[in-house]
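> Predicted coordinates and the sequence they were generated for:
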Amino acid sequence: MSKLWILAMAAISLATASPAMAQKTGTDTSRTTKSVSTEPVGKSGEMVDINSASKDELQELKGVGATRANAIIKGRPYKSADELVHRKILPQNVYDGIKTKVVAKAAATSAKEADAKPASPTPLRTRATGEDRPTAAKAAKAAPADEFKAETEARKHCPSDTVVWVNTDSKIYHYNGASDYGKTKQGAYMCQKESDAAGFRAARNEKAPAKN
């Protein structure tokens, strides 16, 4: 009887202890699962865009101080994050430590920015022919090829046209015989037709000399 009693008591003890052990094991597993976490990319958990991030946001990246943050901002825009290494803005070891946390988003121009850009100037039209007259920007590029330091050189260039003295600063030209002909600080001799095409005009108080 004593052996049977001992076996019965042992069975009861084992049955009572099993749920407690199972509960303890489950608790330990839960704690282990909660302790595993993924390190966030940044304070907001988002990738840092090297094309738009502020200096403070860039300095939150490991190994990027004020000097390197300024260098990143100065080097914008970037097509890809690895340009930081190729363009020698960051050393390889620093980039390796942050490459999973940075991205280079395309710097697209917004509609508002496009509207804010000045429109290309509309070409002026001459009253006489109605043809488009080059803008001042185009005239500045075309004029040097037809400017001459000496009057004789201009006459050789256009023997059948009137030679004028163009004040390249005021964009006004003067005829031979006028007080300003060949005497303004900035200017050159040009053929009248070419100066008109380049956007220059005659002085209002001067008349073209009669052709022989």
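Structure received.
> Only the buried residues of stretch 161-173, if you could.
For stretch 161-173, the neighbour count (16 or more other C-beta atoms under 10 Å) marks 161, 162, 163, 164, 165, 166, 167, 168, 171, 172, 173 as buried. To be clear about C-beta, it is placed using only N, CA and C from the backbone, and glycine gets the same treatment.
> Confirm that residue 189 sits in a strand.
Yes. According to DSSP: H, G, I helix; E, B strand; the rest coil, residue 189 belongs to a strand.
> give me the beta-bridge partners of it?
Beta bridges link residue 189 to residue 148, residue 165 when assigned by DSSP bridges.
> Contacts only, for it.
147, 148, 149, 150, 151, 153, 154, 163, 164, 165, 166, 182 (C-beta atoms under 8 Å, 6 or more residues apart in numbering).
> Now do it against residue 173, distance only.
For residue 189, the distance to residue 173 (C-beta to C-beta, to the nearest Å) stands at 10 Å.
> Common neighbours of those two, please.
Shared contacts of residue 189 and residue 173, defined by C-beta under 8 Å, 6+ apart, are found at 164, 165, 166.
> would you list those residues in JSON lines and tack on distance to residue 6 and pLDDT?
Shown next, in JSON lines, are the shared contacts of residue 189 and residue 173 (distance: C-beta to C-beta, whole Å; pLDDT from 0 to 100):
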{"residue": "164", "distance to residue 6": "131", "pLDDT": "92"}
{"residue": "165", "distance to residue 6": "131", "pLDDT": "93"}
{"residue": "166", "distance to residue 6": "125", "pLDDT": "92"}
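> which of these lies closest to residue 74?
Proximity of the shared contacts of residue 189 and residue 173 to residue 74, judged by C-beta to C-beta, is greatest for residue 166, which lies at 42.3 Å.
> Touching, that closest one and residue 147? I think so.
Yes. Taking C-beta atoms under 8 Å as the definition, residue 166 is a contact partner of residue 147 at 7.3 Å.
> circling back: tell me the one of the contacts of residue 189 nearest residue 90?
residue 147 (50.0 Å).
> residue boundaries of the strands in this protein?
Secondary structure of the chain, counting by DSSP state E: strands at 48-49, 102-103, 124-125, 132-133, 163-167, 172-174, 188-191, 201-202.
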